[in-house]
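*Asks:* only geometry, no sequence info:
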């Protein structure tokens, strides 16, 4: 993956959204970017976990909430 990310986004975070898998729960093993929006909304209402996982979940929540999934497509095509 190139070090080019959508404006204002850290390229490592974009890479992590695509490559990191949910470590537990109903969606264990599912890549963060593939988590369904209702699951992310639930996390938003209950509170995201601490640390990097929480940051990634919150980031993908914002991406999906704002209809910005298209920004990830160039990175998905390079995998």
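*Replies:* Now that the structure is in, tell me what you want to look at. These numbers come from a predicted model, not from an experiment.
*Asks:* how close does residue 57 get to residue 74?
*Replies:* Separation of residue 57 from residue 74 (C-beta to C-beta, to the nearest Å): 22 Å. (Each C-beta comes from the backbone N, C-alpha and C, glycine too.)
*Asks:* then residue 13?
*Replies:* Taken as C-beta to C-beta, the span from residue 13 to residue 74 is 15 Å.
*Asks:* who's more crowded, residue 57 and residue 74?
*Replies:* Using other C-beta atoms under 10 Å as the criterion, residue 57 and residue 74 rank with residue 57 on top: 21 against 14.
*Asks:* spatially, what comes nearest to that one if we skip its sequence neighbours?
*Replies:* Leaving aside its sequence neighbours, residue 57 sits nearest to residue 48 (C-beta to C-beta, 6 or more residues apart in numbering; 5.0 Å).
*Asks:* likewise for residue 23?
*Replies:* Spatial nearest neighbour of residue 23, chain neighbours left out: residue 53 (7.0 Å); criterion: C-beta to C-beta, 6+ apart.
*Asks:* the one you found: how many residues sit nearby?
*Replies:* 16.
*Asks:* before we move on, what about residue 10?
*Replies:* Other residues near residue 10 number 11, with proximity taken as other C-beta under 10 Å.
*Asks:* now the helix or strand containing residue 42: buried residues?
*Replies:* Per DSSP states H and E: residue 42 is located in helix 37-46. Under the neighbour-count criterion of 16 or more other C-beta atoms under 10 Å, helix 37-46 has 39, 40, 43 buried.
*Asks:* and for stretch 56-73?
*Replies:* 56, 57, 58, 59, 60, 61, 63, 64, 72.
*Asks:* of all those, which comes closest to residue 26?
*Replies:* residue 57 (13.4 Å; C-beta to C-beta).
*Asks:* how about the buried residues of helix 37-46 in CSV, adding pLDDT and distance to residue 68?
*Replies:* As requested, the buried residues of helix 37-46 are exported to CSV (pLDDT from 0 to 100; distance: C-beta to C-beta, whole Å):
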residue, pLDDT, distance to residue 68
39, 96, 18
40, 97, 13
43, 95, 18
